[in-house]
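Colleague: got a predicted structure plus its sequence, pasted below:
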Amino acid sequence: MKQMTLAAGADQGAGFEQYRKPTRREAFLATMEAIVPWAALCAVIEPYYPKAGNGRPPIGLERMLRIHFLQHWFNLADLACEEALYDSASLRRFVGIDLGREPVPDATTLLKFRRLLEKHQLAERLFAEVGRILQASGVKLKTGTIVDATIIGAPSSTKNEEKARDPEMHQTRKGQQWFFGMKLHIGVDSQSGLAHSAVVTPANVHDKHALPQLLHGQEQRVYGDSAYASQQELIASKAPHAKDFTNQRTRKNGQIDEVQRGKNRNKSKIRARVEHVFAVVKRLWGFTKVRYRGLKKNAGRAFTALALANLYLSRGHLMGAVRP
């Protein structure tokens, strides 16, 4: 056992803090500490992570992964995350940093770690590994998939060094409003409500074009909103046994088909589960706007956010599994 320094003792609330109580942030971090499969996720990254050699020893892989996840959970850029770690004792405890012995990794170190994940497309592999672990724990893919897409905004201003908008982002119209950015397409299991596939495209790509990539092939039913109406051929190209349960358009020749509207309403009771994933990624994690230029960097953020969302949505099941 290492001797605790004064800084570590202060971080853990030692001293005269008689009336201190755990915050919601600390409760959240304690939950994620328990349910995130740290060893398995580190094993995905470890073959690509720098090894100790003649130069300065690299920071521990699990520590860097913990900081990387903090950036997603609290929507922190590199410099903001560095400052938050210096400012928050609860974040330092989660990462395992004792300011009496070591500094917080700087923003450049966080940037290099993220670029390592981007270079080897490790975010996609982390997403797949989380899915494998959840299935092994008893969360099974059932016979239905819900497909949907959401727009992630990007800066449309040209007041930057290049005097231009991001060329990989595009604009699209939704209703009477125009949006500029990218689109996150996901496939969600109709029973568990967890994402099992995802695709990132510019915002002007129609939802239906990503449809085959969102299916795992064993579906019996495919749910989606009216953007996926009448796409039986696309569905059959990947899931030949699936029936089309997407919402159909209800207005024909200026008249509303009340029978079809009722069918859509019943389908939407199941289809609404896809919104739980978007609520976590966009509202809880704050991924409503892109932080980087280009689709590849933002796709990495999206896959990591979806992996963490799956763990968060499964926290009840996973916490029950870790209790003695």
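Modeller: Good, I have the coordinates.
Colleague: what helix or strand does Ile151 sit in?
Modeller: Per DSSP states H and E, Ile151 falls inside strand 144-153.
Colleague: tell me which other helices or strands that strand touches.
Modeller: Secondary-structure packing of strand 144-153 (3 or more CB pairs under 8 Å, 6 or more residues apart in numbering; DSSP states H and E): strand 177-189, strand 221-224, helix 258-271, helix 274-278. C-betas here are computed from N, CA, C, even on glycine.
Colleague: next structured bit after the shortest one?
Modeller: Going down the chain from strand 221-224, the next helix or strand is helix 232-238, by DSSP H and E.
Colleague: what does that next one contact?
Modeller: 208, 211-213, 215, 217, 222, 242, 244 (CB atoms under 8 Å, 6 or more residues apart in numbering).
Colleague: tabulate the helices and strands packed on strand 144-153 (TSV), appending mean pLDDT.
Modeller: Rendered in TSV, the data for the helices and strands packed on strand 144-153 read as follows (pLDDT from 0 to 100):
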stretch	mean pLDDT
strand 177-189	96
strand 221-224	94
helix 258-271	88
helix 274-278	96
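Colleague: out of the ones you listed, which is closest to Gln231?
Modeller: Shortest separation from Gln231 across the helices and strands packed on strand 144-153 is recorded for strand 221-224, at 8.2 Å, computed as CB to CB.
Colleague: may I have that closest one as PDB, with CA atoms only?
Modeller: Output in PDB follows, covering the C-alpha atoms of strand 221-224 (Å, rounded to 0.1, in the frame of the first residue of the first chain):
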ATOM      1  CA  ARG A 221     -39.300  -7.300 -38.200                       C
ATOM      2  CA  VAL A 222     -37.900  -3.900 -39.100                       C
ATOM      3  CA  TYR A 223     -39.300  -0.800 -37.500                       C
ATOM      4  CA  GLY A 224     -38.800   2.800 -38.700                       C
END
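Colleague: quick one, phi psi at Gln171?
Modeller: For Gln171, the backbone dihedrals (degrees, to the nearest 10) come out as phi -100, psi 150.
Colleague: ok, what's across the strand from it?
Modeller: Phe180 (DSSP bridges).
Colleague: pLDDT score assigned to it?
Modeller: On pLDDT, Gln171 comes in at 94.
Colleague: do I have it right that it meets Gln177?
Modeller: No - using CB atoms under 8 Å, Gln171 makes no contact with Gln177, being 10.7 Å away.
Colleague: who has more neighbours out of the two?
Modeller: Legend: neighbour count by other CB atoms under 10 Å for Gln171 and Gln177, higher for Gln171 (15 against 7).
Colleague: OK, contacts around that one?
Modeller: So Gln171 contacts 156, 178-180, 203-204 (CB under 8 Å, 6+ apart).
Colleague: mind putting the residues you listed into TSV with distance to Arg165 and neighbour count?
Modeller: Formatted as TSV, these follow (distance: CB to CB, whole Å; neighbours: other CB atoms under 10 Å):
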residue	distance to Arg165	neighbour count
Ser156	6	13
Trp178	13	11
Phe179	13	20
Phe180	7	19
Ala203	12	22
Asn204	13	15
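Colleague: rewinding a little: please list only the buried members of the contacts of helix 232-238.
Modeller: Among these, those classed as buried by neighbour count (16 or more other CB atoms under 10 Å) are 208, 211-212, 215, 222, 242, 244.
Colleague: what count of nearby residues applies to Lys267?
Modeller: Lys267: 19 neighbours (other CB under 10 Å).
Colleague: can I assume it is in contact with Phe245?
Modeller: Yes - under the criterion of CB under 8 Å, Lys267 makes contact with Phe245 at 5.6 Å.
Colleague: shared neighbours of these two, anything?
Modeller: Tyr223.
Colleague: quick one: the strands in this structure, in order.
Modeller: Assigned by DSSP state E, the chain shows strands spanning 144-153, 170-174, 177-189, 195-202, 221-224, 243-246, 251-252, 255-256.
Colleague: low-scoring stretches of this structure, by residue?
Modeller: 1-16, 54, 321-324 (pLDDT under 70).
Colleague: next one: the longest helix along it to chain centre, how far?
Modeller: Looking across the chain with DSSP state H, the single longest helix is helix 295-313. Centroid separation for helix 295-313 versus its chain: 3 Å, with CA atoms, centre = their mean, to the nearest Å.
Colleague: same question for that helix: list its buried residues.
Modeller: By neighbour count on 16+ other CB under 10 Å, the buried set for helix 295-313 is 295, 297-313.
Colleague: just stretch 246-259 next, same as before
Modeller: Buried, per 16+ other CB under 10 Å, within stretch 246-259: 246-248, 250.
Colleague: that older thread, among the buried ones among the contacts of helix 232-238, which are in helices?
Modeller: Among the buried ones among the contacts of helix 232-238, none falls in helices (DSSP H).
Colleague: quick revisit: of the buried residues of stretch 246-259, closest to Leu41?
Modeller: Thr246 (34.4 Å).
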